[in-house]
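Colleague: A predicted structure for the sequence below; I have some questions about it.
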Amino acid sequence: MNGEWMIETRSVSKRFRVAGGGALSNKTFEAVGGISLQIARGETFGIVGESGCGKSTVARLIMGIEKPTTGEIWFNGQRVDDMRPAALRKLRPKFQMVFQDSASSLNPRKTIMDIIAQPMRYHGVARGGEAKRRVSELLDMVGLSQGMAQRYPHELSGGQRQRVCIAKALSLEPELVVLDEPVSALDVSIQAQILNLIRELQARLNLTCIFIGHGLGAVHYVSHRIAVMYLGRIVETGTSDQVFEHPAHPYTKALLDAAPIPDDRQRGRRRSALTGEVSEVAPTGACCLYPRCPIAREECLAFTDGLKPLAGEAGHCAACARAWEER
Amino acid sequence: MGAFFAIDGLQISFGRGKNAFQALSGLDLNIREGEILSLVGESGCGKSVTALSILGLLPRQGRISAGHILLDGRDLCAMSPAELDQVRGNDISMIFQDVMGSLNPVLTIGSQMIEGMRRHLGIPRAEAWAQGEALLSRVGIRDAAQVMRKYPFMLSGGMRQHAMIAMALSCKPRLLIADEPTTALDVTIQLQMMELLQSLNRETGMAILLITHDIGVVAELADRVMVMYAGQCVESGSVGQILRHPAHAYTRALIQSVPGIHDERSRVLASIPGSVPERYDQMSGCRFAPRCAYANLCPQKNDPSFRTVEEGHVSRCVWADARARGGEQT
């Protein structure tokens, strides 16, 4: 057993019952299919992919909000996916989550002070004056003025609310913070503030973070390592620079090429594009990208190998037979 | 080619009396045939109210308090509702960010598609249906005949977006207003959307007023750019002038606050401190000054009038003077 990983998922799959199939229907949809990933202490691990690729489901599985259909999830050398609720509750303070929609994740009837202090009260970490002192410390840490403590969420701007969410997540001194699209709803200039805050806090507190996003630039900016997901599978993983500078998987390449570049001279550059839509599901046993892949060939119809390391690049893996040949 | 569409000193206010809020404080713009003009800025800068006011779609509390909106010299603000109906969906049409909210859920795509053609062009139903089908194919929808008979909920997000564009095109508008057309989309779908808008612009010569907050989308599509901040245009010029030689402190900060996918990871993003002031209409002097890194040193923050940087490039910032004098920016 490898003891150095903080989070490890082993072939984790999650199937959901398809709604509308009728009470007796067994129709299921595989949101996540056999994902194995390892996250080390003190790193920010980015997960990118388009809507519906399963990135949020992975986060929810790791947080214990969903139970995997098959596979195991390990946290600090302890298996957590089959824990009883009471045992999991004891572990809860160690992992916290920040959501995209800050407005709906803060109780509108409570002051910022109460919101940030609540997790500490619930878990009996701090009360009364001690909790107040800790809240003021946290406000400071996320760059909010002390006066904010007495306000209500609706009196704050989107950026300020997201800072409150981060302060709340940090109130229990967690080991792992999962950030699910934390900047997607924010304006560009505010996004930069929050991204800088996340990067700074991660380094200062030596946090382990999972950063989920569809904005490629933002994920690149905060993450040390990255996994690219497509249709419930990880298609490529490596350090941020490996994946962004030397993408190996055709999906990663298309995703990076599709991102607009803020330079009008780069207009009309050659791009590797996918055909069709995400909804095109590959035949059973084939590579998940098969129907849309520009370099697909017959062997790709029987592709069961999954992620494999690329020659000569430590830690850089891709799930594509053609990528293995090319390197 | 000359401008066929112009906005002249447009002011938009919400509410009345003491609490009236001026959301847009005097905007001038003009669009030439076949041009893509982009209004770029963050939420609350006034770009969406500008778009809505053009088609008379401002919410009830809002009104145009001064200025003119001119199509071929005719003032849209002075038109009767019946006259405006002739322009809307015909000469000028619009696509919105919220696709589901702009399609009628209980009508098929086909019946929504032919509505404009029958009304504005007086085409018989069968002919309009055939044209609608052709338009759906044109925007890249496969088996258009089937899609015509489907309801919006039966389509994927990307397909809906394409169907909405096809509807907006049905009367061959000369100007398409696209309000955040790519914002809610995934990057690969966003790319398809940008390519579609670009090819429609090239092939039909339709002008586009592109409203977005995304500098990347601007770089891919726009010919000219107007940067909006707090109810004003603060800088305008060609896409190259604005992106490569920005002459306003806000434009520079906006460009630098976007994390690029090929940036060095060690780079620290330049963020703009604070947020847009709430009552910006009551500010005097430069509206960006409270957030500007150079405001303390700025000799002209009390006089944010437009200065010419070079031909076709103006800015409300002291950087404009520095650039115009040939001084290299730091």
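Modeller: Right, received. Where do you want to start? Numbers count the residues shown, from 1 in each chain, chains lettered A, B, ... in the order given.
Colleague: which SS state does the residue nearest to A:Glu313 when sequence neighbours are not counted fall under?
Modeller: Leaving aside its chain neighbours, A:Glu313 sits nearest to A:Gln242 (6.1 Å; criterion: Cβ to Cβ, 6 or more residues apart in numbering or on different chains). For every residue, glycine as well, the C-beta is placed using N, CA and C. Following DSSP: H, G, I helix; E, B strand; the rest coil, we place A:Gln242 in the helix state.
Colleague: A:Gln242 contacts A:Cys317, doesn't it?
Modeller: No: using Cβ atoms under 8 Å, A:Gln242 is not in contact with A:Cys317, being 9.6 Å away.
Colleague: quick one: the strands in the stretch 1-150 of chain A?
Modeller: With strands called from DSSP state E, counting those that start in this stretch, the stretch 1-150 of chain A shows them at A:5-17, A:28-40, A:44-48, A:70-75, A:78-79, A:95-98.
Colleague: Next one, pLDDT for the nearest residue to B:Arg291 once chain neighbours are set aside please.
Modeller: Using Cβ to Cβ, 6+ apart and skipping residues adjacent in sequence, the residue nearest B:Arg291 is B:Gly274, 4.9 Å away. In this model, B:Gly274 is scored at 84, pLDDT.
Colleague: For the closest residue to chain B within the stretch 151-300 of chain A, which non-adjacent residue is closest in space?
Modeller: In the stretch 151-300 of chain A, the residue that lies nearest chain B is A:Pro260 (3.0 Å; Cβ to the nearest Cβ). Nearest non-adjacent residue to A:Pro260, counting by Cβ to Cβ, 6+ apart: B:Gly216, 3.0 Å away.
Colleague: And the stretch of helix or strand that neighbour belongs to, what's buried?
Modeller: Using DSSP states H and E, B:Gly216 sits within helix B:215-221. Under the neighbour-count criterion of 16 or more other Cβ atoms under 10 Å in any protein chain shown, helix B:215-221 has B:215-221 buried.
Colleague: What lies in contact with it?
Modeller: Contact partners of helix B:215-221, identified using Cβ atoms under 8 Å, 6 or more residues apart in numbering or on different chains, comprise A:188, A:259-264, A:266-267, B:36, B:38, B:40, B:182, B:190, B:194, B:197-198, B:208, B:210, B:212, B:225, B:239, B:242-243, B:254-255, B:258.
Colleague: From the residues you listed, list just the buried residues.
Modeller: A:188, A:259-264, B:36, B:38, B:40, B:182, B:190, B:194, B:197-198, B:208, B:210, B:212, B:225, B:239, B:242-243, B:254-255, B:258.
Colleague: Just the ones in strands from these, please.
Modeller: The strands, defined by DSSP state E, take in B:36, B:38, B:40, B:208, B:210, B:212, B:225 from the buried ones among the contacts of helix B:215-221.
Colleague: Show the contacting residues for the second one.
Modeller: Spelled out, it's B:Ser38. Contacts of B:Ser38 (Cβ under 8 Å, 6+ apart): B:209-212, B:217-218, B:221-222, B:224-226, B:239.
Colleague: how does it look with 6 Å?
Modeller: B:Ser38 makes contact with B:210, B:218, B:222, B:225, according to Cβ atoms under 6 Å, 6 or more residues apart in numbering or on different chains.
Colleague: how near is the residue nearest to B:Arg291 to A:Phe211?
Modeller: Counting by Cβ to Cβ, to the nearest Å, the separation of B:Gly274 from A:Phe211 is 25 Å.
Colleague: Also A:Gly285?
Modeller: Taken as Cβ to Cβ, the span from A:Gly285 to A:Phe211 is 33 Å.
Colleague: what about these two, which has more around it?
Modeller: Using other Cβ atoms under 10 Å in any protein chain shown, the more surrounded residue of A:Gly285 and A:Phe211 is A:Phe211, with 29 against 10.
Colleague: looking at this, the more buried one is in a strand?
Modeller: Yes: note on A:Phe211: a strand contains this position according to three-state DSSP.
Colleague: in the stretch 201-327 of chain A, which spans are strands?
Modeller: A:208-213, A:225-230, A:233-239, A:308-309, A:317-318.
Colleague: What of chain B?
Modeller: Under DSSP E, chain B gives strands at B:3-14, B:21-32, B:36-40, B:62-71, B:74-75, B:92-95, B:175-179, B:207-212, B:224-229, B:232-238, B:307-310, B:313-315.
Colleague: want to try JSON lines for those strands, with mean pLDDT as columns?
Modeller: As requested, the strands of chain B are arranged in JSON lines below (pLDDT from 0 to 100):
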{"stretch": "strand B:3-14", "mean pLDDT": "95"}
{"stretch": "strand B:21-32", "mean pLDDT": "95"}
{"stretch": "strand B:36-40", "mean pLDDT": "97"}
{"stretch": "strand B:62-71", "mean pLDDT": "95"}
{"stretch": "strand B:74-75", "mean pLDDT": "94"}
{"stretch": "strand B:92-95", "mean pLDDT": "94"}
{"stretch": "strand B:175-179", "mean pLDDT": "95"}
{"stretch": "strand B:207-212", "mean pLDDT": "96"}
{"stretch": "strand B:224-229", "mean pLDDT": "97"}
{"stretch": "strand B:232-238", "mean pLDDT": "96"}
{"stretch": "strand B:307-310", "mean pLDDT": "92"}
{"stretch": "strand B:313-315", "mean pLDDT": "95"}
